[in-house]
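Q: here's my sequence, what's the structure:
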Amino acid sequence: MEEKLVRRATPDDARWIVELSERVQAALTATGSLQQIGPLPIGQVQQAINAGAAYILERAGQPLGSVLIDALPNDSPLREDWKVQTFPLLSGFCTL
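A: As a prediction, this is how the structure comes out:
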């Protein structure tokens, strides 16, 4: 089995991420789902990439998926609801 790699997205990945979000949205809509996840605006994707908050999963150099992450603000009520713990030595990192 070929090894999979997770890496930070680069500016060259932006268009692929947007196109992936378009394909996923089309598949959701085709199955009758009311979920709305895309298409992602290119500016949002570029901003996430520039912030180091966009990742690509790939195998043999071919992208398989992507994720954009947003920090959970310290004052978010979700921190308590989800029992999120912040690591003091790793500012900005948390775990569920």
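Q: can you count the residues close to the residue lying closest to Ile42 once chain neighbours are set aside?
A: Spatial nearest neighbour of Ile42, excluding adjacent residues (CB to CB, 6 or more residues apart in numbering): Val18 at 5.4 Å. C-beta here means a position set from N, CA and C on the backbone, and glycine is covered the same way. Residues within reach of Val18, counting by other CB atoms under 10 Å, total 19.
Q: can you point out the buried residues in the strand or helix carrying Val18?
A: Using DSSP states H and E, Val18 maps to helix 14-30. For helix 14-30, burial by neighbour count (16 or more other CB atoms under 10 Å) applies to Ala14, Ile17, Val18, Leu20, Ser21, Val24, Gln25.
Q: and those residues, which is closest to Ala60?
A: Leu20 (17.4 Å; CB to CB).
Q: now that closest one: closest residue in space, sequence neighbours ignored.
A: Ser66 (6.0 Å).
Q: that older thread, let me see the contact set for the residue nearest to Ile42.
A: Gly38, Pro39, Leu40, Pro41, Ile42, Val45 (CB atoms under 8 Å, 6 or more residues apart in numbering).
Q: who wins for neighbours among these?
A: That'd be Val45 among those, by other CB under 10 Å, with 24 neighbours.
Q: for that one, which residues are in contact?
A: Ala14, Ile17, Val18, Ala54, Leu68.
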